[in-house]
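Participant: Kindly generate the corresponding structure for this input.
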Amino acid sequence: MATTRTEADACTLLDTDHKAVKKLFKAYDELAQSKARGVDQKKLELAREICQELTVHATIEEEIFYPALREALKETDVLAEAEVEHAGAKDLIAQIEAMEVADEMFDAKVKVLGEYIDHHVKEERNQIFPKARAARGLDLIAMRDELQARKDALMGVEMA
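Facilitator: Predicted structure coming up:
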């Protein structure tokens, strides 16, 4: 079956997550500027959604994507850096989840988390994804399905 478009692969799935969370951060920034009544509850809910999305995303990368790349790539320093970035983001997520929105540091921590994620996304798009797509023996189409199944399971567990 010949198609003119390339089929969505694991990198496409992960990048779709990146775009979705970027929209959530943008929405949070808009709320953070608002003085409307009830905005604190909306910020809290949005921050929790951001944290859940990022936690699930990091989990599927760490359980499936990164280990497969470690086996397929000769140079894995970029993966080590990505894993350190994940650890920093997870620490910030834990801090945000433990806070109340009334804390003056809440908005600052969500903003810095967004900056961390922006940096991480750029490195994945510019370095990790091209290496993954060029790697021999890496079935990124099958991996996409595995990532999606694990993501669905994690989201189901989180929402139950």
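Participant: What count of nearby residues applies to the closest residue to residue 150 other than its chain neighbours?
Facilitator: Leaving aside its chain neighbours, residue 150 sits nearest to residue 60 (5.0 Å; criterion: CB to CB, 6 or more residues apart in numbering). Heads up, the C-betas are built off the backbone N, CA and C, glycines and all. By other CB atoms under 10 Å, the residues close to residue 60 number 23.
Participant: Would you quantify the distance from residue 60 to residue 120?
Facilitator: 14 Å (CB to CB, to the nearest Å).
Participant: Residue 131 now?
Facilitator: With the distance defined as CB to CB, residue 131 ends up 15 Å from residue 120.
Participant: Between these two, point out the one with more neighbours.
Facilitator: Counted by other CB under 10 Å, residue 131 and residue 120 do not tie: residue 120 has more neighbours, with 21 against 17.
Participant: That one contacts residue 88, correct?
Facilitator: No. The criterion here is CB atoms under 8 Å, and residue 120 misses it with residue 88 at 9.1 Å.
Participant: residues of the longest helix seen in the chain that come out buried?
Facilitator: Of all segments of type helix in the chain, defined using DSSP state H, the longest is helix 10-33. For helix 10-33, burial by neighbour count (16 or more other CB atoms under 10 Å) applies to 10-11, 13-15, 17-18, 21, 24-25, 28, 31-32.
Participant: Determine the set of other helices and strands touching the worst-scoring helix or strand of the chain on mean pLDDT.
Facilitator: Within the chain, confidence by mean pLDDT, DSSP states H and E is lowest for helix 140-159 among all helices and strands, at a mean of 89. In terms of contacts (3 or more CB pairs under 8 Å, 6 or more residues apart in numbering; DSSP states H and E), helix 140-159 is packed against helix 10-33, helix 39-60.
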